[in-house]
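Chemist: dropping a prediction and its sequence here:
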Amino acid sequence: MSTSDGITDRMTIHEFGKENQKWDIEYIRKHFSKTVFRVFEDVGHGGLAALKPDLLASELERTIGE
């Protein structure tokens, strides 16, 4: 059984997010090889813009300045 999001009854939402995150990271590494990944505490997959927009803005400014 699965939900409309494709989450099966044996897969937690956390596991589903981790699978998507893994695919996204592999895609970025393949197509944008110079990408530097940073891990932020208390922010789930894709949550930086929604949960911590000021942090996102400062990181983007720092990255552009490098």
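Modeler: Noted; the coordinates are in hand. Bear in mind the structure is a predicted one, so any value in this text is a computation, not a measurement.
Chemist: for this protein, which spans come out with low pLDDT?
Modeler: Applying pLDDT under 70 to the chain flags the ranges 1-18, 45.
Chemist: what's the closest non-adjacent residue to Lys52?
Modeler: Among residues not flanking Lys52 along the chain, Val43 sits closest, at 6.2 Å (C-beta to C-beta, 6 or more residues apart in numbering). All C-beta spots, glycine's among them, are computed from the backbone N, C-alpha and C.
Chemist: can you count the residues close to that neighbour?
Modeler: Neighbour count for Val43, taken as other C-beta atoms under 10 Å: 15.
Chemist: could you say which helix or strand holds it?
Modeler: If you go by DSSP states H and E, Val43 is not part of any helix or strand.
Chemist: so how far is Lys34 from it?
Modeler: Going from Val43 to Lys34 by C-beta to C-beta, to the nearest Å gives 23 Å.
Chemist: before we move on, what about Glu59?
Modeler: For Glu59, the distance to Lys34 equals 16 Å [C-beta to C-beta].
Chemist: of those two, who's got more company?
Modeler: More crowded of Glu59 and Lys34, by other C-beta under 10 Å: Glu59, with 14 against 5.
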